[in-house]
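Undergrad: Please work out how this folds:
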Amino acid sequence: MSGIKAVVAVDSFKGSLTSMEAGNAVKCGILSACPDADVTVLPLADGGEGTIDSIAPFICGITKTISVSDPLGRPIEVSYIIDSVSRTAYIEMAKAAGLTLLKEDERDPYLTTTYGVGELMKDAVLNGAEKLVICIGGSATNDGGAGMLQALGAKLTDKEGNEIKQGAIGLKDLYKADLSGLICKDIKIIAASDVTNPLCGPDGASFVYGPQKGASKKACEEMDGWLRNYAELTGFDPYENGTGAAGGMSFALKNILGAELMSGAKIVMDITGAEDLIRDCDIVITGEGRIDSQTLNGKAPFMVMEAGVKYGKPVIGICGITGEGYEECLKAGFTKIAPLDDPVMETSGAVRSVEETVRRLFSQDPVSISQI
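TA: From the prediction side, this is the model:
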């Protein structure tokens, strides 16, 4: 197997390895078994936390850092990337309104806001951006993007004409939405998300994602009702698929700002030129911390696998562990699913485990690469 050409695009092993750490560990494992191999490592992400950092080396832009509001309205320094040639700004929601910015006892979607994301968007537009690519995963919020809209100039008021409070709790008093002052009306916006949930209902933002953001059952019920009123007040369907991403942020982006919802994984693959590299390689290695039936729901490794199958390449899925239904991934097109020999959470140990698992795989002497 010397001289093989491999493309490695592995998603993060959450809590253990970033995408590039996992990918470079795979590369080391391949090279230890096949020193003459040509291995290209690409970042992989789905629009959630870490997406901007992973694609930054592939963007001809400058990094701009400003002070914005964090999920609880406190000042925080946040960076985004702006490409002065294409006039495109790349913004990551998680950097301003992410769940990881809060301590466990601070998680409360009644109070958390997307205002800081709107501040980033406003700054980008005022600095000449004509297109915004917004990665909306990993949020701590459930305000339907109301805070973002307020930062961009919308007037969301109660019956007395006062601005509503920040966070989902403010939607409880929402009576009127004046959107005439929004500054993003003529800006092209792409929202990177792989979530298909609607804004409201049993599969909506509040009931599905609210609990992990600190919401009780009662809070989920209340927020679902407030978001439904918010949608109807602004004249849009609260049960449209895809509008429940990021606590309803995608609802405001798509319906009120006219954004196009796109797969975060596809955006990353397009920016990195992954498909062209896969077309010209011999073997593809992808993966994530856990491979199971959910991997087939448009997750990043699944999209890499699809590209590999499209060009007739064998695709290996590396993972920390396999879960229920992982066999479906083999039926869908993965050539092999390879869980780690020794799955551990600690980063250095996880790197060693990935390297050793891959080294063992590539040390075999199969009749063909596709039988690895």
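Undergrad: Going along the chain, name the helices of this structure.
TA: Assigned by DSSP state H, the chain shows helices spanning 19-33, 51-55, 93-97, 115-126, 146-151, 168-171, 205-209, 217-234, 245-251, 264-272, 274-279, 300-310, 327-332, 347-363.
Undergrad: Mind putting these into a markdown table with mean neighbour count?
TA: From N, CA and C alone the C-beta is placed, and that goes for glycine too. Formatted as a markdown table, these follow (neighbours: other Cβ atoms under 10 Å):
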| stretch | mean neighbour count |
| --- | --- |
| helix 19-33 | 22 |
| helix 51-55 | 23 |
| helix 93-97 | 30 |
| helix 115-126 | 23 |
| helix 146-151 | 28 |
| helix 168-171 | 25 |
| helix 205-209 | 25 |
| helix 217-234 | 19 |
| helix 245-251 | 31 |
| helix 264-272 | 22 |
| helix 274-279 | 19 |
| helix 300-310 | 23 |
| helix 327-332 | 15 |
| helix 347-363 | 19 |
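Undergrad: want to try JSON lines for those helices, with mean pLDDT as columns?
TA: As requested, these are exported to JSON lines (pLDDT from 0 to 100):
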{"stretch": "helix 19-33", "mean pLDDT": "95"}
{"stretch": "helix 51-55", "mean pLDDT": "87"}
{"stretch": "helix 93-97", "mean pLDDT": "96"}
{"stretch": "helix 115-126", "mean pLDDT": "98"}
{"stretch": "helix 146-151", "mean pLDDT": "98"}
{"stretch": "helix 168-171", "mean pLDDT": "98"}
{"stretch": "helix 205-209", "mean pLDDT": "96"}
{"stretch": "helix 217-234", "mean pLDDT": "97"}
{"stretch": "helix 245-251", "mean pLDDT": "97"}
{"stretch": "helix 264-272", "mean pLDDT": "91"}
{"stretch": "helix 274-279", "mean pLDDT": "97"}
{"stretch": "helix 300-310", "mean pLDDT": "95"}
{"stretch": "helix 327-332", "mean pLDDT": "94"}
{"stretch": "helix 347-363", "mean pLDDT": "92"}
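Undergrad: can you list those helices in CSV and add distance to residue 64?
TA: Formatted as CSV, the helices of the chain follow (distance: least, Cβ to Cβ, whole Å):
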stretch, distance to residue 64
helix 19-33, 23
helix 51-55, 12
helix 93-97, 12
helix 115-126, 7
helix 146-151, 16
helix 168-171, 29
helix 205-209, 29
helix 217-234, 31
helix 245-251, 21
helix 264-272, 18
helix 274-279, 27
helix 300-310, 27
helix 327-332, 40
helix 347-363, 30
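Undergrad: Which among those is found nearest to residue 339?
TA: Go through the helices of the chain one by one with Cβ to Cβ and the one that ends up closest to residue 339 is helix 347-363, at 7.8 Å.
Undergrad: what distance separates that closest one from the centre of its chain?
TA: Here helix 347-363 is found 26 Å from its chain centre; the criterion is Cα atoms, centre = their mean, to the nearest Å.
Undergrad: That helix vs helix 19-33, what angle?
TA: 40 degrees (axes from the mean of the first three to the mean of the last three Cα atoms, to 10 degrees).
Undergrad: picking up where we left off before, and the helices of the chain: which comes nearest residue 320?
TA: Residue 320 sits nearest to helix 347-363 of all the helices of the chain, at 7.5 Å, using Cβ to Cβ.
Undergrad: Quick one: residues in contact with the closest one.
TA: 1, 13, 16-17, 21-22, 25-26, 28-30, 32-34, 37, 285, 316, 318, 320, 336, 338-344, 372 (Cβ atoms under 8 Å, 6 or more residues apart in numbering).
Undergrad: before we move on, what about stretch 155-164?
TA: The contact list for stretch 155-164, computed with Cβ under 8 Å, 6+ apart, reads 146, 149, 150, 170, 171, 173, 174, 175, 176, 177, 178, 181.
Undergrad: Could you dump those into JSON lines and include distance to residue 226?
TA: Below are the contacts of stretch 155-164 laid out as JSON lines (distance: Cβ to Cβ, whole Å):
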{"residue": "146", "distance to residue 226": "10"}
{"residue": "149", "distance to residue 226": "15"}
{"residue": "150", "distance to residue 226": "15"}
{"residue": "170", "distance to residue 226": "9"}
{"residue": "171", "distance to residue 226": "4"}
{"residue": "173", "distance to residue 226": "9"}
{"residue": "174", "distance to residue 226": "7"}
{"residue": "175", "distance to residue 226": "12"}
{"residue": "176", "distance to residue 226": "15"}
{"residue": "177", "distance to residue 226": "13"}
{"residue": "178", "distance to residue 226": "18"}
{"residue": "181", "distance to residue 226": "23"}
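Undergrad: From those residues, pick the one nearest residue 67.
TA: Nearest member of the contacts of stretch 155-164 to residue 67, counting by Cβ to Cβ, is residue 150, at 17.3 Å.
Undergrad: what pairs with residue 134 across the strands?
TA: As for beta bridges, residue 134 partners with residue 91, residue 191 under DSSP bridges.
Undergrad: In contact with it, which residues?
TA: By Cβ under 8 Å, 6+ apart, the contact list for residue 134 reads 91, 92, 93, 117, 121, 189, 190, 191, 192, 253, 259.
Undergrad: Could you give the number of residues near the second one?
TA: In this case it means residue 92. For residue 92, the count of nearby residues is 30 (other Cβ atoms under 10 Å).
Undergrad: nearest spatial neighbour of it, skipping sequence neighbours?
TA: Counting by Cβ to Cβ, 6 or more residues apart in numbering, residue 92 lies nearest to residue 52, which is 4.1 Å off, once chain neighbours are set aside.
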